[in-house]
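[1] Fold the following.
(3 chains)
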Amino acid sequence: MKKWIALMLVLSLAIFAIGCQKATKQQTTDTTGDTKEPYKIGAVVSATGPAGPLGEPEKKTLEMIVEQINKDGGVDGHQIELFIEDDESNPTNATTAVSKLIDEKGVIAIIGGTTTPSTLAMKPETAKVKVPHIAMAAGIKVTEAPNEWIFRTAQSDAIAVQKVIDYLSKTLKVKKFAILHDSNAFGQSGATELQGRAPGAGMEVVGVESYKTEDTDLTAQLTKIKGSGAEVVVVWGTNPSPAIAAKNMKQLNMTIPFVGSHGIANKSFITLAGTAADGVVFPAAKILVPASAAGEQKDAIDKFIADYTAKYAEGPNSFAGHAYDAIHILVQALEKAGSDNEALRDAIQETQGFNGISGIFNYGADDHDGLKTSDMIMVEIKDGKWTEKK
Amino acid sequence: MTSGRRGRLNKQWLWVGLYALTMAIIPNVLANNYYMKMLIVLAINTIIVIGLNLLMGYAGQVSLGHAAFYGIGAYSSAIMTTKYGMSAWLGIVAAILVGGLVAYLIAIPALRLKGHYLAMATLGFAEIVHILFIELREITGGTDGLYGVPAPSIAGFAFDTPQRLYVLVWMVLVICLVMALNIAKSRVGRALRAVHGSEIAAASMGVDTAKYKIQVFVLSGILACVGGSLYASMAGYVSSESFTLTVSITLVTMAVCGGMGNVWGAVIGASTLTIMQEYLKSYNDYNLVIFGAILILAMVFMPQGIYGAFSDLAKKLKHRLQAIPETAGEQHAAS
Amino acid sequence: MQFDQLLQFIISGITSGSIYALIALGFTLIYNSTQVINLAQGEFVVYGGLIAVSLYAGAGLPLFAAVLLSIIIVTLIGVVFERLAIRPLINHSIMTLIIVTVGASILFKNIAMIIWGRDPLTIPAFSGDDPIMFFGASIIPQSIWVFGITMVTVVLLQLFYKKTITGKAMKACSINQTAAKLMGINSSSIVLLSFALSAAFGAIAGVLIAPISMVSYSMGGFLGLKGFAGAVLGGLGNPIGAVVGGILLGILESLSIGFIASGYKDAVAFLILLLVLFLRPSGILGARIKEKV
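    Below is the predicted model of the structure:
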């Protein structure tokens, strides 16, 4: 009897889930009655798993932008058909997902992944079958040679770290700092870069501590840093750990400045850290303080924030911006070159002066990152609001 | 009685042949990289789950740490090929040697532990290995992992496309399956299975359980390493994120769902769950909700696993069919 | 290393360790009545925290009402889970039941993701954020709450085992289920009670840590792992052992941050756990080993 009750419950849940799935499924068939073949584009994001908070806004953005483009008549009359795969933050899934998109769905270009390991798992595959690939992950190895087919829209860790190094050595004028980083790909890459660039700016790294993403308390790491003589602590990770660190520093009565990474460029950090967030400084894209952008880039940012907020009832973060830039750069190249893979790749590489959310993109044969340090700003949290720190 | 068993064994090999044939035909029907990759993943999972099935179903030991061996296999291959420029074959050999050695070293103290204590020990071991993958950056590349792992090749023929690699993986799978079936029908295998993994009973039948358990543990570790090594060849890239606790638990789930105590259970469990997980991905956020629900239901309705449920069903049917012509058949079926 | 620094490491360890201890207690209860390791234990913690967030920030209830109500709701979830998924299988192999808990953890986790989203959430600390100084080391009031409630819980549990009929019956079941049944103890309701209590303990852990470490749908697996490790370290089946094991695990982690390297803290803690197991195969305070075959 009870078995049957369980069965009924779960069946209804499954039917419910299928219903939801149908309801949210995007209308991808063209409404204009156009006879041109649609352009198929594939994306691999980490919508669930540990990187879910990064991947989900990327997914939402891609869906929103493609809907907008299709409503406006598509690309040269071609509708865009978007296929999104979730790798659950596991690179193994990313390798099969990219094959599914290319071989089964027949996509002409790939966007993604969200994390560096997933992207690195996809990179050899897109290169092998020669499909243009725009990544949204920050790790330096993503666009390292061989990089013929891969581009990216996230600020590479090198840029964000350089921004922090400049801030530490030129604005704060400190000599010694400590690093507290997540042991995941994002944190480890940032920490390695910081250590590599500090001596060049005349600074010494006096402590490097790491934590696991789910750790509940960071006072032990901070106690160690407190005793290291550091003048600043640089925290490299994504929520919630940096918020825990900010609270823990307050508890330990540590008054040295807290400098974050672009991983905390979201409202969630301010909500979680509460008053401990005040005075925190971190590098970020201009989308956080739209006033810091100018001209066409500012218009693009303002429109994106307005559209996203209208559709999803929450503001976009910088990860959403990576997806915005990726799909727009791809669409521009499609307009210019059509769907032939070599021509499309060359068109992406020739992207110049594209006003994106993360910056003004200028790709070239030896630059598949396209951004400069001036595309990022240092942001300070004051009374729970973001302001540009000059 | 003896002729009956021989008949069953012959049937066993018939099934192996049929399975091998099916796995060989599939690529001709579904020839695209995606399906090939999925089949490779399926075959790798099957290889690992066969090892777990022997460990759990025959030796009565639970391991929540097989992702570690999976990872050790993958990293050994990747390190040997990308850092030392060895051929992929040597990578596989290295994976087997390293994995076997690690499994042996951990088996000696660990198998003194019982039940959940052993599960915890293997789990702790896997966590340590996972941390080493992340922290030993000079060797493992840290969280960036290692990429550019080459595919194996024989005399100029490289297994470098999913179609070609599938052939290799498929051959390895069949070898592993035949080996496992042989072990299962060996004297020790039968003895342990007959007493449902009870050590005392097996020991009283003259089986050196400690030695046997270590052997099975090492074998299952090696199988996971072989799987990892093949995985590295397929993906060309190895990262610590592919060898987490979730992966260990998924592998055990495959073994239990398929049905323990029979090697075919491993084949069925790994195949069913791999296909189901991939299929459910189209449900996006609801994917794992449905998966979790199916898992609970599967256990509630088939507590002995899929193999157990079907062999019960088959027995019942046989019983019913035999009961009609001759009443003596009842006794036969019950034995 | 100065004294106040060392003290701070120990206090940090006790803060995390008390949480592990509460989760370990949940494992112990279910283990005692069914010999099952409930791999969904961490999800009870997550639900405790997330439901409290919804009741407090969403429904606008006062903090303590939100916390209490959340614990009650999660207890009910534990009861429903036991009735629907554990009860029908209670006479099957332990491995089957463990896989059911695996399924439940996947199910719970992803339902939580759909309901509460992917971002971590938090509630205010029970009695403010101002740290208290203690011989040069600092403690936040919430840590004292965590430690205190863990202690009160284990004492109450011991009293329950020793003084009440139900508690004695529960203990009897954990020692020998068949004999207990023959003595007329209703083991079915004992199993139900153990799931209810263990869900409640999980939820208590969840509401206690929500202000310290935030809660997100995905943290259940990690917390469950730590709780399981604590329970095994102390000796499965012994509530005092669970608390000792959990707190010891927390202290080991924070001392390895202090003396070795933070990247290896979990590795060091697990290595010591393995050594303890190899020397004492049933944990620090573990009783003799019994196995259901």
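[2] Would you mind pulling the contact partners of the one helix or strand A:Ala310 maps to?
    Using DSSP states H and E, the element containing A:Ala310 is helix A:295-312. Residues from elsewhere that reach helix A:295-312, judged by CB atoms under 8 Å, 6 or more residues apart in numbering or on different chains: A:60-61, A:64, A:68, A:286-287, A:290-291, A:293, A:314-316, A:320-321, A:324, A:355-357, A:359-360. Every C-beta, even on glycine, is put in place using the N, C-alpha and C of the backbone.
[3] Spell out which residues of the stretch 101-250 of chain B are next to chain A.
    By CB under 8 Å from any CB of the partner chain, the residues of the stretch 101-250 of chain B that approach chain A are B:134-135, B:137, B:142-145, B:147-148, B:162, B:231, B:234-237, B:239-242, B:244.
[4] so where's chain C shaky on pLDDT?
    C:1, C:287-293 (pLDDT under 70).
[5] Let me see the ranges of the helices in it.
    Under the criterion DSSP state H, chain C contains helices at C:3-34, C:41-53, C:63-81, C:94-116, C:141-163, C:165-175, C:177-182, C:187-213, C:220-234, C:239-259, C:265-279.
[6] Which members of the contacts of helix A:295-312 are positioned in helices?
    Residues of the contacts of helix A:295-312 located in helices (DSSP H): A:Lys60, A:Thr61, A:Met64, A:Gln68, A:Ala320, A:Gly321, A:Tyr324.
[7] A:Lys224 is in contact with C:Lys265, isn't it?
    No. Between A:Lys224 and C:Lys265 there is no contact under CB atoms under 8 Å: 11.2 Å.
[8] shared neighbours, those two?
    When contacts are counted by CB under 8 Å, 6+ apart, A:Lys224 and C:Lys265 have C:Ile257 as shared neighbours.
[9] Neighbours of A:Lys128, how many?
    Other residues near A:Lys128 come to 14 when the count uses other CB atoms under 10 Å in any protein chain shown.
[10] in the helix or strand where it lies, what's buried?
    Assigned by DSSP H and E, A:Lys128 falls within helix A:116-129. Residues of helix A:116-129 classed as buried: A:Thr116, A:Pro117, A:Ser118, A:Thr119, A:Leu120, A:Ala121, A:Met122, A:Lys123, A:Pro124, A:Glu125, A:Thr126, A:Ala127 (neighbour count, 16 or more other CB atoms under 10 Å in any protein chain shown).
[11] tell me the contacts of the nearest residue to the third one once chain neighbours are set aside?
    Using CB to CB, 6 or more residues apart in numbering or on different chains and skipping residues adjacent in sequence, the residue nearest A:Ser118 is A:Ala94, 3.9 Å away. A:Ala94 makes contacts with A:Val44, A:Asp87, A:Gly112, A:Gly113, A:Ser118, A:Thr119, A:Ala121, A:Met122, as judged by CB under 8 Å, 6+ apart.
[12] try A:Thr192
    With the criterion set at CB under 8 Å, 6+ apart, A:Thr192 makes contact with B:Gly142.
[13] Over to A:Phe354?
    Neighbours of A:Phe354 in contact, by CB under 8 Å, 6+ apart: A:Asp325, A:His328, A:Ile329, A:Gln332, A:Ile360, A:Phe361, A:Asn362, A:Gly370.
[14] Quick one: buried ones out of those residues?
    With neighbours counted using 16+ other CB under 10 Å, the contacts of A:Phe354 contain these buried positions: A:Asp325, A:His328, A:Ile329, A:Gln332, A:Ile360, A:Phe361, A:Gly370.
[15] TSV for the residues you listed, including distance to chain B?
    What follows is the buried ones among the contacts of A:Phe354, written out as TSV (distance: CB to the nearest CB, whole Å):
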residue	distance to chain B
A:Asp325	23
A:His328	24
A:Ile329	25
A:Gln332	28
A:Ile360	28
A:Phe361	24
A:Gly370	21
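[16] Which of those sits closest to C:Ala203?
    Among those, A:Asp325 lies closest to C:Ala203 (CB to CB), at 42.8 Å.
[17] And the pLDDT at the closest one?
    Per-residue pLDDT puts A:Asp325 at 95.
[18] Do I have it right that it meets A:Gly356?
    Yes. Contact criterion CB under 8 Å: A:Asp325 and A:Gly356 qualify, at 3.8 Å.
[19] one step back: so for the helix holding A:Ala310, what gets flagged as buried?
    A:Gln297, A:Ala300, A:Ile301, A:Phe304, A:Ile305, A:Asp307, A:Tyr308.
[20] Tell me how far the second one lies from A:Pro316.
    To A:Pro316, A:Ala300 is 12 Å away according to CB to CB, to the nearest Å.
[21] can you check the first one too?
    Relative to A:Pro316, A:Gln297 is positioned 15 Å away (criterion: CB to CB).
[22] And for the fifth one?
    Distance of A:Ile305 to A:Pro316, computed by CB to CB: 6 Å.
[23] hey, what's in contact with both of those two?
    Common neighbours of A:Ile305 and A:Pro316 (CB under 8 Å, 6+ apart) are A:Ile287.
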